[in-house]
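Q: below are the sequence and a predicted model for it; my questions follow.
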Amino acid sequence: MKLIKKGEGEPYEAEGHFGVWSMRKLFAGKDSHRLIIGLSHFLPQGGLKMAPASSNERTYFILSGSILVKGKSEEYLLEQGDMLYIGPGEEREIQVQGTEPCTVLLSVVKLD
């Protein structure tokens, strides 16, 4: 078991993201075998430019606010309590919706 307290973790900047503050809470290869957990706070007008996902699986769970996630042929408006699974290599773009920040709990399973 590993307890991670509210203020623990390591801030990081994710490539291609803008207007976001993120903290990695659990590290693959250090705290777990393959699992990464992060907490991201997207500011209004923040997001992610269209980019391919890595070879990892990931989920976004919305704790507050809302974001629009666009793929190649689909888009999803995610609001508090919603979760989206993104498979290995899937492209996505993120745009915060409205004037409120959006807080996202990110989980990543490293497959390689």
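A: Cool, got the structure. Numbering: from 1, shown residues only.
Q: which non-adjacent residue is nearest residue 107?
A: residue 59 (4.9 Å; Cβ to Cβ, 6 or more residues apart in numbering). All C-beta spots, glycine's among them, are computed from the backbone N, C-alpha and C.
Q: now do residue 14
A: Closest to residue 14 by Cβ to Cβ, 6+ apart is residue 22, at 5.9 Å.
Q: just checking, what packs against the host helix or strand of that neighbour?
A: Per DSSP states H and E: residue 22 is located in strand 17-26. Helices and strands touching strand 17-26, by 3 or more Cβ pairs under 8 Å, 6 or more residues apart in numbering; DSSP states H and E, are strand 10-12, strand 35-52.
Q: ok, it: who's next to it in the sheet?
A: strand 10-12 (antiparallel), strand 35-52 (antiparallel) (DSSP bridges).
Q: pull it out as PDB, backbone CA atoms only.
A: The C-alpha trace of strand 17-26 is given here as PDB (Å, rounded to 0.1, in the frame of the first residue of the first chain):
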ATOM      1  CA  HIS A  17      -0.900  21.300 -23.100                       C
ATOM      2  CA  PHE A  18      -1.600  25.000 -22.300                       C
ATOM      3  CA  GLY A  19      -3.400  26.800 -19.500                       C
ATOM      4  CA  VAL A  20      -3.100  23.800 -17.200                       C
ATOM      5  CA  TRP A  21      -1.400  23.000 -13.900                       C
ATOM      6  CA  SER A  22      -0.700  19.400 -13.300                       C
ATOM      7  CA  MET A  23       0.600  17.200 -10.500                       C
ATOM      8  CA  ARG A  24       1.700  13.600 -10.800                       C
ATOM      9  CA  LYS A  25       0.500  11.700  -7.700                       C
ATOM     10  CA  LEU A  26       1.700   8.200  -8.500                       C
END
